[in-house]
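S.K.: Attaching a predicted model along with its sequence, questions to come.
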Amino acid sequence: MILDITTPLLNSLVINGALTFIQNDTTPQNITLNSYSVLIFSGGQLLIGNSTNPYNGNATIILYGNPSN
């Protein structure tokens with residue numbers, strides 16, 4: 001799945017496959033993922049660019065709630 005928007009505040013996000021922040025080479029995207037928790041299960045991936053194709057926008061992940069949770 002491709003994330004192409006800033007999310008509303010999510011209670012939780014469960015990733016069983018791949019979640020990729022959209023990459024637009026001509027117009028950089030600024031995207032924020034807002035959630036109380038993000039769970040990535042075995043084999044799951046959260047992808048925001050890589051060493052050969054770095055993300056050219058601002059990618060932000062904001063986790064809310066108590067740090068002990």
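M.R.: Done, it's in.

S.K.: from here on, contacts and neighbour counts on C-alpha atoms
M.R.: Noted.

S.K.: Strands of the protein, residue ranges please.
M.R.: 2-3, 13-15, 18-21, 30-35, 38-40, 45-47, 58-63 (DSSP state E).

S.K.: Excluding residues flanking it in the chain, which one is nearest L10?
M.R.: S35 (4.4 Å; Cα to Cα, 6 or more residues apart in numbering).

S.K.: can I assume the one you found is in contact with T60?
M.R.: No. Contact criterion Cα atoms under 8 Å: S35 and T60 do not qualify, at 11.2 Å.

S.K.: neighbour-wise, which of the two wins?
M.R.: S35 (18 against 13; other Cα atoms under 10 Å).

S.K.: show me the contacts for the more buried one.
M.R.: Taking Cα atoms under 8 Å, 6 or more residues apart in numbering as the contact definition, S35 lies against L9, L10, N11, S12, L13, I62, L63, Y64.

S.K.: Pairing partners for the fifth one in the sheet, please.
M.R.: When assigned by DSSP bridges, L13 has beta-bridge partners V38.

S.K.: Next one, pLDDT for S51 please.
M.R.: With respect to pLDDT, S51 has a value of 89.

S.K.: ok, it - how many residues close by?
M.R.: Residues near S51, counting by other Cα under 10 Å: 6.

S.K.: Check S12 too.
M.R.: 13.
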